[in-house]
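> Here is a sequence with its predicted model. Questions after.
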2 protein chains.
Amino acid sequence: MTSRAVDRRATAAPEELSTVDGLAQLSFLIHGTLERRAAERELSIIQTRLLGVLRDRKPTMNELAKVLMLDKSSISGLVDRAERRDLVVRVPSDADRRAVLVALTDRGRALVSDVAARFGADVSSLLDRLPASDRATLSRLVSRLLVAHAADRGIDLFAPTTTG
Amino acid sequence: MTSRAVDRRATAAPEELSTVDGLAQLSFLIHGTLERRAAERELSIIQTRLLGVLRDRKPTMNELAKVLMLDKSSISGLVDRAERRDLVVRVPSDADRRAVLVALTDRGRALVSDVAARFGADVSSLLDRLPASDRATLSRLVSRLLVAHAADRGIDLFAPTTTG
DNA sequence: TAAAATAGTTTGTGGCACGTACTAAATCAA
DNA sequence: TTGATTTAGTACGTGCCACAAACTATTTTA
């Protein structure tokens, strides 16, 4: 189930990975790339995701739990650790005195931008191995997959709430 | 940095994700799919990777540390927990009395096969959203990316040792 | 054969995720 | 309106995962 192991069986044609194995391997490669870039800034994947979500939102703890698909008790600890590093702040909600809003600090915003930029550069340079026309094709096919998958789950990838 | 957040900015053309964002999002989708399938069998990603590596090898602890890119002390605990569940066994090495070989048990082999099959089916059904010709194209492009990336790191993806 | 290197374990620390139990505030119902 | 229920968040205990440092046992080397 390591990238190596995944590509080992069911390789249909020699000199070419099966689509399933290839996609799996590529996923691990990209995931590992983000993990590495985040680690260079002392961030875990989940801390990075947290900061990423906060780039364009100021959600409650509860909303964070839903978006990140974690238990609310996990969010408490996650935000605790980020707050200790001055990456996020807790802000009391005006609308609901039980609720707590979470926002990026300048430091948090700078950090996530940095990681995103470095990660983006990595993926871009990986993609540079393909001629531009192939890149365009790949982009189109990947988009199609994602849109189809999102549609399956009743989500419009380009709806205002999601995209704006 | 959640799949949602990643796709949110630098979306060049409307109705289409940038290649970088699309690939990132697809990676998280596939990674999450494996995570879910593994969790259904009470396995973490790293436990699943461990079992995956062992499908076609019987490495030492030290080799495992290299393949999984973990500290050897992490491997001790990882193998401990897997051994407790009767998924792997430690076997003393004949060649080096310091060394310990790790092998799958029948139970471990059955479990990893099960997870791999379910995960493979997930990815396949995702791919089924594309017409066959697009699938072939995608497969070719992904393979090309992986081969190019491997070559960068001085690895021949199809060398006998790697490909079995 | 003595010193250095290697294989693996143990212990301590911290992050991450969960479930349970708890407090405070908001909402619902009678 | 007030009493019951639901909701938002935290605290605590448990377990997994990862690391570094310290340790034992073996092998290699000089």
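Great, that's in hand.
> what's the helix or strand for A:Arg90?
A:Arg90 belongs to strand A:88-92 when elements are defined using DSSP states H and E.
> what angle sits between the helix or strand following that strand and strand A:88-92?
Where DSSP H and E defines the elements, the next helix or strand beyond strand A:88-92 is strand A:100-104. If you take axes from the mean of the first three to the mean of the last three CA atoms, to 10 degrees, strand A:100-104 sits at 150 degrees to strand A:88-92.
> After strand A:100-104, which helix or strand is next?
helix A:106-127.
> That next one versus strand A:100-104: what angle between them?
Using the same axes, to 10 degrees: helix A:106-127 against strand A:100-104 is 60 degrees.
> Which residues does helix A:106-127 contact?
A:29-30, A:33-34, A:37-38, A:40-41, A:43, A:48, A:51-52, A:54-55, A:82, A:85-88, A:104, A:135, A:138, B:1, B:6, B:10, B:19-20, B:23-24, B:145, B:148-149 (CB atoms under 8 Å, 6 or more residues apart in numbering or on different chains). For every residue, glycine as well, the C-beta is placed using N, CA and C.
> Can you go through those residues and name the buried ones?
For the contacts of helix A:106-127, a burial check counting by 16 or more other CB atoms under 10 Å in any protein chain shown picks out A:29-30, A:33-34, A:37-38, A:43, A:48, A:51-52, A:54-55, A:82, A:87-88, A:104, A:135, A:138, B:1, B:6, B:19-20, B:23-24, B:145, B:149.
> so of those residues, which ones are in helices?
Among the buried ones among the contacts of helix A:106-127, the ones falling in helices (DSSP state H) are A:29-30, A:33-34, A:37-38, A:48, A:51-52, A:54, A:82, A:135, A:138, B:6, B:19-20, B:23-24, B:145, B:149.
> restrict the residues you listed to those near DNA strand C?
Residues shared between these and the neighbourhood of DNA strand C: none [CB under 7 Å from any atom of the strand].
> Are we agreed that A:Val147 is in a helix?
Yes: under DSSP: H, G, I helix; E, B strand; the rest coil, A:Val147 falls within a helix.
> Give me the neighbour count for it.
Applying other CB atoms under 10 Å in any protein chain shown, we find 19 residues neighbouring A:Val147.
> most centrally placed residue in chain A?
Geometric centre of chain A, nearest residue: A:Arg49, 5.6 Å, by CA atoms, centre = their mean.
> mind checking pLDDT for that one?
pLDDT for A:Arg49: 96.
> again, but for A:Asp114
pLDDT for A:Asp114: 96.
> how far away is it from A:Arg41?
Applying CB to CB, to the nearest Å, the value for A:Asp114 to A:Arg41 is 6 Å.
> residues from chain A in reach of DNA strand D?
Counting by CB under 7 Å from any atom of the strand, the residues of chain A that sit close to DNA strand D are A:60-63, A:72-73, A:75-77, A:79-80, A:90, A:93, A:96, A:98-101.
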